[in-house]
Structure formats: structure tokens, C-alpha cells
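Enquirer: sequence and predicted structure are below.
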Amino acid sequence: MQKIFQIEVENYLRMCCRRGTDLAKDKRFKYLMYFRNFGPAAGASLEHPHTQIVALPMVPKNALEEIHGAKAYFDFRERCIFCDIIRQEIEEKERIVAENKFFLSFCPFVSRFPFETWIIPKKHSGHFCQDLSGELSALGEILKETIVKMKRVFPNLSYNYIVHSAPINGEGDGEFYHWHIEFMPKLTQVAGFEWGTGFYVNSTPPELAAKYLNSK
């Protein structure tokens, strides 16, 4: 059963890349947004599991802010901020959820939400699906492992995950950006303070979240 699940996840990722590669050929598009809503609390409008790919004629605000932050860090340090994060997480080992040869899954140091988890390639790459053909199996493995661990802790979990990637068609440079997946369980609600300030209150430290996910 686990082997069948693994193959299904790999095929799913392969299809996402195939569709994204095709959409990127259209020069009108500047950004590809891959996301998955699972469960009512995550805003899923369809009962069956599904992922959406939205091709946009501009780079959205949230992505642009993250890209600008990565560029500022690169200009100051002359290296990728995400590569530095990977080195720190592997060194400290307190927030790691899963790991294989090519990818790391971890609860980020300043998590916005309880049990927020990122999946990131260890090798620097700005664009999702770029040079990923030989690593799809490893990505499918760590994505499956992360979701399985989440569902062991929260059997009826609703969640969103979003692929953060560099813009396409000349709108950005993957030299300083590093694609990754942000997995966000819907365990709490964003309320007035968060909406009004842009600050997030997280009652579960990432170290504790990672420890709990690895104990089940």
C-alpha cells in the first residue's frame, strides 16, 4: 500500500511539472502558483483531493516581498538565505521532520502557524521542477512522509501547501532565490491581530512541533 502511495505521489509531481513547463512557454505569464487545499478548514471547495496551478501575468505581492528579502540578503552576504537556513537546520537538528539525500523537511525557526513545515531542496535551485527529473522520487518520498506524520498526529487534518518558486519569463533571477514548499496545517484561525499587523501568534514552538511529529 505504501509503495502504491509513493508511486501516486511521484506521478502527481511529474504531472505538476509537465503542466507547469507547458504554461511557462506562454510569455504572458510571469508567475506560476502551485497550491493544494485539503479539507473544509483549508478552503477546499471540492470533496476529492486536488491541486491547482494558476498562471499569473504578474508576480503576486507575497511572493515579491519574499523574493526582495532574499535579494537583499544575497546582496549583503553574497549567498542564498535559504541555503544558510538549510545548513543551520541540519547542524542544530532540533526542527527536522524528515530528510533524505536531496530534500529537507523541517519546522522553520520562526513558524507563523503551529506545525508549519517547509520542504526544501538541499541543492540550490530557484525554480520548481528545474533539473528535478532525477529527484522526483526523493521529493515524492519526503512529501509523503511529511503528510503521513502530520496525519498520525492530526487524523482529520485540513491543510494548505504552496510551492514558492522564482518568477518566470525574465521577471526574476533564481541565483538568489531558492524554491520550497510551505505546508500549513489549519489548526488555528487567523484573527484580528494577525490581519491588522501582519504578525503571527504561534503557541507551539517549532522545536516542540518537530519533536511531536517524530514521536508518533
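Expert: That came through, no problem. Numbering: from 1, shown residues only.
Enquirer: C-alpha only now, for contacts and for neighbours.
Expert: OK.
Enquirer: quick check, central residue of the chain?
Expert: Ile181 (1.1 Å; CA atoms, centre = their mean).
Enquirer: make sure Val54 is indeed in a strand.
Expert: Yes: under DSSP: H, G, I helix; E, B strand; the rest coil, Val54 sits within a strand.
Enquirer: count of neighbours near it?
Expert: Using other CA atoms under 10 Å, Val54 has 13 neighbouring residues.
Enquirer: again, but for Ala63
Expert: Ala63: 16 surrounding residues under other CA under 10 Å.
Enquirer: what packs against the helix or strand hosting the residue nearest to the centre of the chain?
Expert: Ile181 is located in strand 180-185, with elements delineated by DSSP states H and E. With contacts taken as 3 or more CA pairs under 8 Å, 6 or more residues apart in numbering; DSSP states H and E, strand 180-185 sits against strand 117-121, strand 159-164.
Enquirer: mind listing the residues bridging to the residue nearest to the centre of the chain?
Expert: Beta-bridge pairing for Ile181 (DSSP bridges): Ile119, Val163.
Enquirer: what's the most buried one of the helices and strands packed on strand 180-185?
Expert: Greatest average neighbour count among these goes to strand 117-121 (a mean of 25), per mean count of other CA atoms under 10 Å.
Enquirer: for that one, what is the distance to the chain centroid?
Expert: Centroid separation for strand 117-121 versus its chain: 5 Å, with CA atoms, centre = their mean, to the nearest Å.
Enquirer: what angle sits between the helix or strand following it and strand 117-121?
Expert: As assigned by DSSP H and E, the chain's next helix or strand after strand 117-121 is helix 136-153. Here helix 136-153 points in a direction 170 degrees away from that of strand 117-121 (axes from the mean of the first three to the mean of the last three CA atoms, to 10 degrees).
Enquirer: how about helix 136-153: buried residues?
Expert: Buried residues in helix 136-153, counted by 16 or more other CA atoms under 10 Å: 136-146, 149-151.
Enquirer: returning to that earlier point: put together JSON lines for the helices and strands packed on strand 180-185, with mean pLDDT on each row.
Expert: Shown next, in JSON lines, are the helices and strands packed on strand 180-185 (pLDDT from 0 to 100):
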{"stretch": "strand 117-121", "mean pLDDT": "98"}
{"stretch": "strand 159-164", "mean pLDDT": "94"}
